[in-house]
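A.B. asks: Curious how this folds, go ahead:
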Amino acid sequence: MHTFFVRSDEHLSELKSAGWFDSPMQDSIGSGRFTASDVLSPLTHRRGGFMVEEGLKVLSEWFCDLLVLNGTVLLAAPGQYSAPLLQQSRDDEVGAIMFSPEYAGREVTELAARGLDVICPGYCGPAHCEIFETPGGLVFGEIALRSGGGDIPELITEMYGFDPQIAEAALVIGNDPGISATPLHRALAGIFLNPPPGIVQRIEGLEELRSFPGVLNVDVRLTVGEPTPGWFTDVPLAGHITYSVRNPDDMASEITAVRDLLRITASRPA
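C.D. replies: Got it, this is the predicted structure:
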């Protein structure tokens, strides 16, 4: 939210004229859950101002979710977004891929752990780290002392066989949650449901999808006769599929085949 590239002086003028700095964000969920903060307020209304930093040429964006007890990493769960978050479009069919640490390589998890140790030594709890792959190598981006958003908690549950929220609750009071760090899959994909805008007419292939090998969970938040729910920032609200990738080297074609099993027809409202 309120995060974008400014590519030149001319581009800055265009953004200002278009109201990017003076317009509030819209809470498309309509939940009112942001009313206690100013995150939806225009940038020009921020009490503390807003941050400007140098942009990087990002080839891909990784994440690593950590569960940490007194500075000791109990779990490092790495993954990669289908596209860098600021480059994702609503045509992307995958949000995140979670890899086993062996398949992803150790560099991502080691960089995340080192970053947390520098910023918050002795920490207890969850942490979500963003790491950018640039032409010059991996760059530590940021770390938040919280769990990852989107469907990352569900990917952790399926990858490691425990509920990360229960583990986080134990960690924040200094208890060892007794979790396993042994991955159960080589890679897991969180596949977006991205139906066309309009009124849902038909939902076909649901049972076939649920019984398809490797499909672990199907969450469909659509009702025939009701409008498709759209997106909130970079997260679709129609639902998602959790899928265990058989061959990570052929991941794209596998994901497309799974996604195509579910056929959603929508017509525009009159």
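
A.B. asks: can you give me the strands in the protein?
C.D. replies: 60-69, 72-81, 94-99, 125-134, 137-144, 187-192, 199-204, 215-220, 231-232, 235-236, 239-244, 263-267 (DSSP state E).

A.B. asks: what's the closest of those strands to Ala252?
C.D. replies: Nearest of the strands of the chain to Ala252, taken as C-beta to C-beta: strand 94-99 at 8.7 Å. Heads up, the C-betas are built off the backbone N, CA and C, glycines and all.

A.B. asks: neighbouring contacts of that closest one?
C.D. replies: With C-beta atoms under 8 Å, 6 or more residues apart in numbering as the test, strand 94-99 has contacts from 63, 77-82, 148, 150-152, 155-156, 159, 186-192, 234-235, 240, 245, 248, 251, 255.

A.B. asks: try stretch 117-135
C.D. replies: 56-71, 84, 108, 111-112, 115-116, 138-149, 152, 164, 168, 171-172, 174.

A.B. asks: same thing but at 6 Å, please
C.D. replies: Stretch 117-135 is contacted from outside by 56-71, 108, 111-112, 116, 138-139, 141-148, 168, 171-172, 174, using C-beta atoms under 6 Å, 6 or more residues apart in numbering.

A.B. asks: Please report the separation between the first and final residues of it.
C.D. replies: Chord length of stretch 117-135, first to last residue, is 26 Å (C-alpha to C-alpha, to the nearest Å).

A.B. asks: Any idea how far that stretch is from the middle of the chain?
C.D. replies: Distance, stretch centre to chain centre, for stretch 117-135: 16 Å (C-alpha atoms, centre = their mean, to the nearest Å).

A.B. asks: residues of it that come out buried?
C.D. replies: 123-133 (16 or more other C-beta atoms under 10 Å).

A.B. asks: circling back: can you turn the buried part of the contacts of strand 94-99 into a PyMOL selection?
C.D. replies: Applying 16+ other C-beta under 10 Å to the contacts of strand 94-99, the buried members can be selected in PyMOL as follows:
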select buried, resi 63+77+78+79+80+81+82+148+150+151+152+155+156+159+186+187+188+189+190+191+192+234+240+245+248+251+255
